[in-house]
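>>> After the sequence you'll find the predicted model.
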Amino acid sequence: MKAITRAVSSAMHHCELTHMDRQALDLDRARQQHEAYNQALRKLGVEVIELPEQAELADSVFVEDTALVFDEVAVITHPGAVSRRPETASIAEALEPYRPLRHIEPPAILDGGDVLTIGKNVYVGLSSRSNRDAVEQLKTHLQPFGYRVHGLAMGQCLHLKTAVTALDDQSVLLNPDWVDPALFEGYAIVETHPDEPFGANVVRVGRHLLYGAAYPNTQASIAALGHDVHTVDMSELAKAEGAVTCCSLLFN
Ligand code: CIR
């Protein structure tokens with residue numbers, strides 16, 4: 001498995017913020033946490049391809065939002081935040097050796113953080129960053145490969161994957177305040193602990209899970225189900241509204 005990541009930008013304190021107030025951000029600490037994140041991926045057997053810093057693009061560490069990588073094809077997004085659109089060019093360049101590329105075009109907007117893929121189902125959160133035009137364009141790009149693309153209503157959080165991610169192909173971890181559990185009928189549902197609203201974001205790395213260290217109660221519920229959970233401290237990156245999924249593009 002490979003992961004594309006990108007070094008933290010020196011301009012990260014100018015990041016986009018939607019549901020959070022701006023807090024002082026310690027760049028060195030953010031860089032240490034990001035390095036530990038890369039290391040955690042390597043420990044799980046992932047080949048990490050770390051792209052150089054884009055100093056002028058504040059949110060560019062959050063590579064997840066710029067592309068969706070499927071086994072058959074990669075889709076370059078058109079991010080919902082105007083400041084983030086220049087991030088996609090270098091990601092397209094980085095993915096080109098690995099996948100044929102498709103592109104989301106205006107009037108569609110799409111952040112990768114809104115796209116949760118479980119098997120052949122692709123769930124797209126209709127957030128402030130992603131719209132129905134993107135759902136239609138994704139159908140055109142992905143239906144030929146047998147994917148089913150579903151647009152989902154969601155609550156007051158940044159991205160769909162702030163509210164829900166998959167623990168495996170049969171179960172999801174979700175915060176019921178931000179996404180209706182009924183939308184995931186047929187999956188086993190694990191809810192975040194009431195004190196840990198941001199605890200629904202987990203990265204699947206093969207049969208392992210990479211998870212933020214700030215959610216010990218939810219972590220205990222996941223581990224009790226037999227999942228192999230590895231934690232990383234994302235506290236500094238969280239001040240930029242980032243979490244574990246946003247910092248990598250994982251693919252086979
Ligand atoms: C933004 O608002 O775009 C960034 N500050 C945070 C993006 C986090 N991305 C993600 O969860 N996929």
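Arrived safely.
>>> For this structure, what lies in contact range of the ligand?
For the chain, the contact set with the ligand under Cβ under 6 Å from any ligand atom comprises 15-16, 18, 59, 62, 64-65, 81, 84, 113, 159, 240-243, 245-246. Backbone N, C-alpha and C define where each C-beta goes, glycine included.
>>> Out of those residues, which end up buried?
The neighbour count (16 or more other Cβ atoms under 10 Å) marks 15-16, 59, 62, 64-65, 81, 84, 113, 159, 240-243, 245-246 as buried among these.
>>> Narrow the residues you listed to those in helices?
Counted as lying in helices by DSSP state H, out of these, is not a single one.
>>> Would you map the helices across the stretch 51-200 of the chain?
Using DSSP state H, counting those that start in this stretch, the helices of the stretch 51-200 of the chain run over 88-95, 132-142, 160-163.
>>> so which of these is the most packed in?
helix 160-163 (a mean of 28; mean count of other Cβ atoms under 10 Å).
>>> so who does Pro97 touch?
Pro97 makes no contacts at all, as judged by Cβ atoms under 8 Å, 6 or more residues apart in numbering.
>>> so which residue of the protein comes closest to the ligand?
Gly113 (2.5 Å; Cβ to the nearest ligand atom).
>>> residue contacts, the closest residue to that residue other than its chain neighbours?
Spatially, and ignoring its direct neighbours in sequence, Gly113 is nearest to His159 (3.3 Å; Cβ to Cβ, 6 or more residues apart in numbering). Contacts for His159 (Cβ under 8 Å, 6+ apart) come out as 65, 111, 113-114, 125, 127, 129, 246.
>>> Format the helices of the stretch 51-200 of the chain as a markdown table; extra columns: mean pLDDT.
Shown next, in a markdown table, are those (pLDDT from 0 to 100):
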| stretch | mean pLDDT |
| --- | --- |
| helix 88-95 | 98 |
| helix 132-142 | 98 |
| helix 160-163 | 98 |
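>>> Any chance of CSV for those, columns distance to Ala224?
Shown next, in CSV, are these (distance: least, Cβ to Cβ, whole Å):
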stretch, distance to Ala224
helix 88-95, 37
helix 132-142, 35
helix 160-163, 22
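>>> which one of these lies closest to Gly186?
helix 160-163 (17.5 Å; Cβ to Cβ).
>>> a strand runs through Tyr211, doesn't it?
Yes. Under DSSP: H, G, I helix; E, B strand; the rest coil, Tyr211 falls within a strand.
>>> Specify the beta-bridge partners of it.
Counting by DSSP bridges, Tyr211 is bridged to Val202, Thr231.
>>> Could you double-check that it sits in contact with His227?
No. Counting by Cβ atoms under 8 Å, Tyr211 stays clear of His227, with 9.1 Å between them.
>>> Between the two, which is the more surrounded one?
The neighbour comparison of Tyr211 against His227 (other Cβ atoms under 10 Å) goes to Tyr211, with 26 against 20.
>>> mind listing what the more buried one touches?
Counting by Cβ under 8 Å, 6+ apart, Tyr211 has contacts 202-203, 219, 222, 229-232, 244.
>>> hmm, try it at 6 Å
By Cβ atoms under 6 Å, 6 or more residues apart in numbering, the contact set of Tyr211 is 202, 229, 231.
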